[in-house]
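**Student:** have a look at this prediction, sequence included:
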Amino acid sequence: MTSLLFLCVHNSARSQMAEAFLKFYAGDRFAAESAGLEPGTLNPHVVRAMAERGIDISKNPTKSVLDFHKAGRSFDAIVTVCSKEAAERCPIFPGKAERHHWPFDDPSSMKGDDEAIMAGVRRVRDQIESAVKAFIAEH
């Protein structure tokens, strides 16, 4: 089974969605996890957007990439999902893993009323879902 780690800054949105989609579509082929440089709390808009797809991430903890590193964990593939603007803060995980960078907008930066924020989160969710499906097809 291929092990894969999705990384972003807070592990509160993008990496959580990517992990959930990979487990949903190919959990029998991939061992997916996610982590962040500065773990925050799950973004409630992201939780709602994933529930619309029938995926419950509401109980997922946010995890620190440093904990994985301290535990000596290694992965076959590392995927950073930070925005282009946050790329310099996006965590790097040591090792010889296959590396990918999928830049997505940060749902925590979405502005406006609830409907506008949800529209932005749904757009990012759908982009992540497409990227995960393409990754599965290539691997």
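**Tutor:** Received it, and whenever you're ready, just let me know what you need.
**Student:** can we go C-alpha only for contacts and neighbour counts from here?
**Tutor:** OK.
**Student:** helices or strands next to the helix ranked longest in the chain in the packing?
**Tutor:** Looking across the chain with DSSP state H, the single longest helix is helix 114-138. Here helix 114-138 touches helix 14-26, helix 44-51, going by 3 or more Cα pairs under 8 Å, 6 or more residues apart in numbering; DSSP states H and E.
**Student:** dump the C-alpha coordinates for the next helix or strand after the last one into PDB.
**Tutor:** Okay, so that is helix 44-51. Helices and strands here follow DSSP states H and E; after helix 44-51, the next one along the chain is helix 65-70. What follows is helix 65-70, C-alpha atoms only, in PDB (Å, rounded to 0.1, in the frame of the first residue of the first chain):
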ATOM      1  CA  VAL A  65       4.000  17.700  10.600                       C
ATOM      2  CA  LEU A  66       6.700  18.000  13.300                       C
ATOM      3  CA  ASP A  67       5.100  15.100  15.200                       C
ATOM      4  CA  PHE A  68       5.400  12.900  12.100                       C
ATOM      5  CA  HIS A  69       9.000  13.900  11.700                       C
ATOM      6  CA  LYS A  70       9.900  13.300  15.300                       C
END
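**Student:** any regions of this structure where pLDDT drops low?
**Tutor:** Scanning the chain for pLDDT under 70 picks out 84-94.
**Student:** let's see it at 80
**Tutor:** 83-97 (pLDDT under 80).
**Student:** name all residues that make contact with the residue nearest to the spatial centre of the chain.
**Tutor:** Centroid check for the chain by Cα atoms, centre = their mean gives Ser15 as the closest residue, at 1.1 Å. Each residue near Ser15 by Cα atoms under 8 Å, 6 or more residues apart in numbering is listed here: 6-8, 34-36, 80-81.
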